[in-house]
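1. Quick one, fold the following:
(chains A, B and C)
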Amino acid sequence: MASDTELTLHPDRLFPAEQAQRKVARAIFAEIEHLPLISPHGHLDAGLFVRDEPFRDPAQLLVTSDHYVVRLLHAQGVPLADLGLAAQAEGPSANGREVWRQLCAHWGALAGTPSRLWLEHELFELCDLRQVPSPANAERTYDQLVARLAENDLRPRALYERFGLEVLTTTDSPLDDLSLHQALQDDPTWKGRLLPNFRPDAVVDPGNANFRKNLARLAEISGEDTTTYSGYLAAIHKRREAFRSAGATASDHGVPVATTERLSQREATATYARLSKGEGSPAEVEAFRGHMLDELARMAADDGMVMQLHIGVVRDYDPATAQAFGPDIGQDFPYAVEFTKTLRPLLSRYGNADGFRLVLYTVDETTFSREIGPLVSYFPSLFAGAPWWFLDAPDAMSRAFTALGETAGISKLAGFVDDTRSLFGIGARHDVARRACAAYLARLVCEHRLSEKEATKLAVGYAYDTPKRLFKL
Amino acid sequence: MASDTELTLHPDRLFPAEQAQRKVARAIFAEIEHLPLISPHGHLDAGLFVRDEPFRDPAQLLVTSDHYVVRLLHAQGVPLADLGLAAQAEGPSANGREVWRQLCAHWGALAGTPSRLWLEHELFELCDLRQVPSPANAERTYDQLVARLAENDLRPRALYERFGLEVLTTTDSPLDDLSLHQALQDDPTWKGRLLPNFRPDAVVDPGNANFRKNLARLAEISGEDTTTYSGYLAAIHKRREAFRSAGATASDHGVPVATTERLSQREATATYARLSKGEGSPAEVEAFRGHMLDELARMAADDGMVMQLHIGVVRDYDPATAQAFGPDIGQDFPYAVEFTKTLRPLLSRYGNADGFRLVLYTVDETTFSREIGPLVSYFPSLFAGAPWWFLDAPDAMSRAFTALGETAGISKLAGFVDDTRSLFGIGARHDVARRACAAYLARLVCEHRLSEKEATKLAVGYAYDTPKRLFKL
Amino acid sequence: MASDTELTLHPDRLFPAEQAQRKVARAIFAEIEHLPLISPHGHLDAGLFVRDEPFRDPAQLLVTSDHYVVRLLHAQGVPLADLGLAAQAEGPSANGREVWRQLCAHWGALAGTPSRLWLEHELFELCDLRQVPSPANAERTYDQLVARLAENDLRPRALYERFGLEVLTTTDSPLDDLSLHQALQDDPTWKGRLLPNFRPDAVVDPGNANFRKNLARLAEISGEDTTTYSGYLAAIHKRREAFRSAGATASDHGVPVATTERLSQREATATYARLSKGEGSPAEVEAFRGHMLDELARMAADDGMVMQLHIGVVRDYDPATAQAFGPDIGQDFPYAVEFTKTLRPLLSRYGNADGFRLVLYTVDETTFSREIGPLVSYFPSLFAGAPWWFLDAPDAMSRAFTALGETAGISKLAGFVDDTRSLFGIGARHDVARRACAAYLARLVCEHRLSEKEATKLAVGYAYDTPKRLFKL
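-> Just a heads-up that it's a prediction; the model follows:
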């Protein structure tokens, strides 16, 4: 951004200032900028593509539904209700205009954050906006955006094409019947590839408030008897099969810690018997969670679904706010995590197993050089997931590339995942990640650690080849 | 420093070598270099300004009383006694000359540390020294410094003016009657602004060896009955009022961990009853400490005093040394800390409260991207404090800017605090911090993430506007 | 490396791209590049130099026996058996050729790692190879290397000379009779200096599976009665004396945590009585380990041997693999560690003791700015060890220099240790470390924090003076 009022996207953005490195970064980036996008982990609603309706309210689209932006504006003192939360209108309500004014008023506070980069990219590239949002132009820009959103080339399927998506993935509960995915597959006019991702947290975490209810629903959807441990495992197995039939190649797991101690068959059966009736101590909840992580790894080693692990955030931090405004509004906060000791049981069993794949995501970047890098630099099954949530930013990515690249080599990075709830932001996010990758590799080239040709090959691997191969897409 | 014998201050010091970034850094720095200093947290003695006497012994001033320098020279094998400790003379004793010789002998060992930068700045700018201290010139430079210190423009009040201080803050116990602050306010010849800061550790930490004695003194100074929990709270409340009357806008809290679990009224009353009589288990000490952190936050949300939290150092590490030479001699050492889980109870109660402000300081920099950055990027009440103690250095500041800037935006940094025990060093410390800020922002400008104009505005915010507004000065 | 098929070593490798810094880095490096090598910690077999036989199999030399390379190739899916493990032939077996093919096939996967830098250096400088290893040239390069290894100037003693080693250190158990070291000392044709290093883990860790057997052997080799605690201490003391007679100036200690709580004489005696009979609880094992760390520090303060501490890796991570292929194959993985609180008892006793020296090594780099840097910046006895194992890489070293240099000053870094199991790699490893040092200091020079002359002096200290003095060599 060169001016303070004219919105621009500098072609060299995020490249190092030093000219030799910049030149190499530019050259590497040119080779990956337009590669198809592989998006193996994200949080979009499959219904978006089934309905394929135009987005209508820019504030809803760019602010209210983007928990990164909600978080940053809330930190500036804007009440959540003034950001459109709790009363999430579907159309361009009077409310949308109010919310847009908040973004315009606090545009400066986003300076330096990745959200600012993504918004600039989305506004410039997709919305054709050429003015920096400001209180002075809030009304005018809001109207412009409403008009622009009505155009067909910004409807979900058009965006899928425009971004060059080759495959896009949702994150789904085993209790989801995947009917939306089915509807898409049955729709001859849909040319894309939208795959579900098996996220069984709701039925494997006995600490979940709805655990018993979820087990009942699991029985229903699977046709298995979940009152017994063996029936329960069979039900999970069946849902995995159903997901695989719908194209899923991966599962995802969100747990507080990566404990993977296996219970004996007898212990597991007895513990499940208590937990499935709403009994059991907190220690049993934790033990069973750890056991099931191993059990799911066992299934993954067997059926080949790629396992993804997200650990280490307190979700819905302030209970009162969560109750009023719901989850996923930007208040999931990280804490220090451990992989080496906790994953040891699991890795001793499946770490060298053919076909087993485990991708580790973290918001505790200290683990990149201390645990994730070392572990993925040894186990063929392990890969380092993209820096997650607060770390999904150019400087944080640069630190991750640096720590992991030296320890494990770039080929052990699972590639970028946009992990987004915002379809609009997918292009921008991959653009930033690919620039960060090019900038990192350009430094290595200029320090004579790699040839430019080799660096380019590594960049292509990171941006496309590795995630495609690793996630079996 | 260009030569090894001539002392110089390069105008571009601490700016990146790359020319484009350096040019921008220079331009940004030019806009903040001469802004008034806001110093909302430090450890000076108010008596300095009441007496306004010249400093007399350069060794006492620059070595003995600066725990950073004491620490570094001790690490080189110099006994503490040879650094003037234990026998801290007030004037230029024979001892001062000996101490100065130690600094001259070990000048090279300070290379690369911030203390070296600060000393160079102080010697060059304030003392007009133009020679690098060395064994060869130790006698001569000592004499020169003694002569220079005798001049009126280096007396405390003159330094206050010279540094462009707009407000300066001390750190004070509730047991302090603030008579020195009062004396200054009553002195018509004092033109500055020196505010106390409410630091109640001595009366809220039952682990303090003098806790009972302190409660007795608290009763005396407040006129409240501290034998009951309600009287105790009333006494603390009264002291807060007294501090606020004396101009205090902030409190400061040093605790081992950030636990903030509230006790019930009944538990608190009963626990206090035991602890105030010198009874109570270690677990009760800890529980009460956590409870009082919450209680003090409740008071802060009510009376609007800005709360500052310093956690995570073992103070007076080697007990024998502490006994012989006292506290604050450089042996407070950090350990890993936790904010996310421990602050959750407190933030769930006051995190969104109007007027509540909490500034988090750490010496565990892993928390910048993992906990402090994320939390301040959501809660309107929270701000990231300046990197503390060992992190008060240009490269460490650069890492903090990078981690916090991306996660939360620069506006959520509380600004620089010099945190110093050395009046002489205030100018140098703010100079280094402002240079580090300019260098960081210049990189973002050259990577096309910000315009230079916007970066300059952010720098002004960091250096002046934000601390002034945040600390209600 | 400029081309993808021609193997080259760029003279400016690892220097920053920015020209001013590069120029200074070059100048500093020129002053340290050819300084003699001090190698105070490593894992070579003394027998190498006794026998002085030519290496025969390049795959055994460069792959199978280098656990860094084994680890990285295994991570690419190559079975350990295909890397020559378990069947480690001594000569150029058919197997060696197969292993070499694996390296050639996966050469690209090593890009960006330090192993790649070291291998390039070894192949170019020592083996005169001028082609990048690739599947296309695997047969030819293997033959070339076999032929080259047969030449006399690549035999162990010739390499010692070639690298400019001034002293080289092995790591040895107290149960080792040091006969190989003795043989060397008795050999008039050996001109080098090879010292043992006292590593008593096997006899001070009651958790060691062979603890009882080791105590019996300790009795035998020392002539002391290890059935009593006093006899046991006498035995250890005697072995220290024997090591010192053989030239040892340092000890090394690998423990899970740095706990240093001393037991009372009575407790220690009773605990030892149980543990030495294979009894005792896990808590007693841990308590005794902590006690012995203190006891060994006491001995070190007394006899002046420099103590080295390596904590924080799970060794032989996957038990089944360890059983099949043995230890030291690249599966020692780090976890988070603590120094500040755990070392407090020990440092309160010996931290200021004359002649006591303690060097701290870590694979948890968060401790550099939080614990190791602060502690070594105060205690005269303490020094920061070189970044260990996964951190033994240019970018990780750069982060360590940055964190430690600011906090403690460069003089408190113990210098580089190659820590290698590969004699062939010693030259390359010191080359990389010296380049990283020069690059770091060049930045400080260009930021006007040091003069080039002072930086050069610091570099010489790091590369040569400090380790020589600190390790009393």
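
2. alpha carbons only for contacts and neighbour counts from here, please
-> Fine.

3. Residue of the stretch 1-150 of chain A nearest chain C, please.
-> The nearest approach of the stretch 1-150 of chain A to chain C comes at residue A:18, 6.2 Å away (C-alpha to the nearest C-alpha).

4. quick one, what contacts the residue of the stretch 301-450 of chain A found nearest chain B?
-> With distances taken as C-alpha to the nearest C-alpha, the stretch 301-450 of chain A approaches chain B most closely at residue A:318, which sits 4.9 Å away. Applying C-alpha atoms under 8 Å, 6 or more residues apart in numbering or on different chains, we find residue A:318 in contact with A:331, B:344, B:347-348.

5. let's see it at 10 Å
-> By C-alpha atoms under 10 Å, 6 or more residues apart in numbering or on different chains, the contact set of residue A:318 is A:331-332, B:344-349, B:351-352.

6. Excluding chain neighbours, what is closest to residue A:412?
-> Distances taken as C-alpha to C-alpha, 6 or more residues apart in numbering or on different chains put residue A:383 closest to residue A:412, at 5.2 Å, once the chain neighbours are dropped.

7. Mind pulling up the pLDDT for the residue of the stretch 301-450 of chain A closest to chain B?
-> We note a pLDDT of 96 for residue A:318 in this prediction.

8. Quick check on it: phi, psi?
-> phi -90, psi 110 (degrees, to the nearest 10).

9. same check, this time on residue A:308
-> The phi and psi values for residue A:308, taken as degrees, to the nearest 10, are phi -120, psi 140.

10. Repeat that for residue A:250.
-> Per-residue torsions, residue A:250: phi -150, psi 160 (degrees, to the nearest 10).

11. Name whatever forms a beta bridge with it.
-> In this entry, residue A:250 is beta-bridged to residue A:306, by DSSP bridges.

12. can you list the residues that contact stretch A:152-166?
-> Stretch A:152-166 is contacted from outside by A:34-39, A:47-56, A:126-127, A:148-149, A:167-168, A:190-194, A:423-428, A:430, A:464, A:468, A:473, using C-alpha under 10 Å, 6+ apart.

13. show me the contacts for residue A:103.
-> Per C-alpha under 10 Å, 6+ apart, neighbours of residue A:103: A:59, A:62-63, A:69-70, A:72-73, A:78, A:83, A:109-110, A:133-135, A:138.

14. Contact residues of the stretch 1-150 of chain A facing chain C?
-> Residues of the stretch 1-150 of chain A lying near chain C by C-alpha under 10 Å from any C-alpha of the partner chain: A:17-21.

15. thinking again about what came up before, give the ChimeraX command for selecting the buried subset of the contacts of stretch A:152-166.
-> Applying 16 or more other C-alpha atoms under 10 Å in any protein chain shown to the contacts of stretch A:152-166, the buried members can be selected in ChimeraX as follows:
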select /A:35,37,38,39,48,49,50,52,54,55,56,126,127,148,149,167,168,192,194,423,424,425,426,427,428,430,464,468
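
16. hmm, back to that, isn't the residue nearest to residue A:412 up against residue A:351?
-> No - assessed by C-alpha atoms under 10 Å, residue A:383 is found out of contact with residue A:351, at 11.1 Å.

17. okay, and the common contacts of these two?
-> Both residue A:383 and residue A:351 are contacted by A:357-358, A:375-376, under the criterion C-alpha under 10 Å, 6+ apart.

18. Pop out the phi and psi values for residue A:358.
-> Main-chain torsions, residue A:358, degrees, to the nearest 10: phi -130, psi 130.

19. what's the burial count for it?
-> Residues lying near residue A:358 (other C-alpha atoms under 10 Å in any protein chain shown) number 30.

20. Repeat that for the one 3 residues further on.
-> The burial metric for residue A:361, expressed as a neighbour count using other C-alpha under 10 Å, is 24.

21. Could you check how far the residue nearest to residue A:304 when sequence neighbours are not counted is from residue A:345?
-> Once flanking residues are discounted, residue A:304 sits nearest to residue A:355: 5.6 Å by C-alpha to C-alpha, 6+ apart. Taking C-alpha to C-alpha, to the nearest Å as the measure, residue A:355 falls 18 Å from residue A:345.
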